[in-house]
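Visitor: This is a predicted model, with the sequence first.
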Amino acid sequence: MGNLARDPEIRYTQKGTAVCNITVCCNRSWKQENGETMEDVAFVPVTLFGPKGEAVAKWLRKGSQIAIEGRLTTETWQDKATGEKRSKLNVIAESFYFVGRQDAQEAPSPAKERPAPAGVEQHQDYRTPVLHKPAGVEQCSDDDVPF
């Protein structure tokens, strides 16, 4: 879970499948024994395919919060400049959840509105996507959060 480090980048395959690339910024902070606050930041590349990618590209922007469930893949290549073998981890998203306040996320203007991608219903208020919650997950409100 984290915030988008930049706006989503979406492209389409020759067969018309959406491929959306995002970078999720995950922050962690802790206090050392001397009381000094330390912070660690990780930038995680994530790829979403099909309707999931279209929904993320449509509704989220740099700074938006998102929670991702997916699988790790390793991309390997040989560096052209040094000849060294290089690799990086990438997350292939299998599901995602919009996190945070919906009114904090800027929605597209009605003039640029596109129909909702398959698998994402649109609420009467076009700015609010309606996602189906997984079975066994109860609805919670801000009152349920202990902090």
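Guide: Received it, and whenever you're ready, just let me know what you need.

Visitor: which residue ranges form the strands in the chain?
Guide: For the chain, applying DSSP state E gives strands covering 2-4, 9-12, 18-31, 37-49, 65-78, 85-99, 121-122, 129-130.

Visitor: Partner strands of the fourth one and their direction?
Guide: Put plainly, it is strand 37-49. Taking DSSP bridges as the criterion, strand 37-49 sits next to strand 18-31 (antiparallel), strand 85-99 (parallel) in its sheet.

Visitor: ok, and what's touching that strand?
Guide: With contacts defined as CB atoms under 8 Å, 6 or more residues apart in numbering, strand 37-49 is touched by 2, 5, 17-32, 53, 56, 68, 70, 88-93, 96. Heads up, the C-betas are built off the backbone N, CA and C, glycines and all.

Visitor: coming back round to it: pick the most buried one from the strands of the chain.
Guide: Mean neighbour count, computed with mean count of other CB atoms under 10 Å, is highest for strand 2-4 among those, reaching a mean of 19.

Visitor: any idea of the mean pLDDT for that one?
Guide: Strand 2-4 shows a mean pLDDT of 94.

Visitor: still on that earlier bit, quick one, which of the strands paired with strand 37-49 is nearest to residue 74?
Guide: Comparison of the strands paired with strand 37-49 against residue 74 by CB to CB identifies strand 85-99 as nearest, at 5.5 Å.
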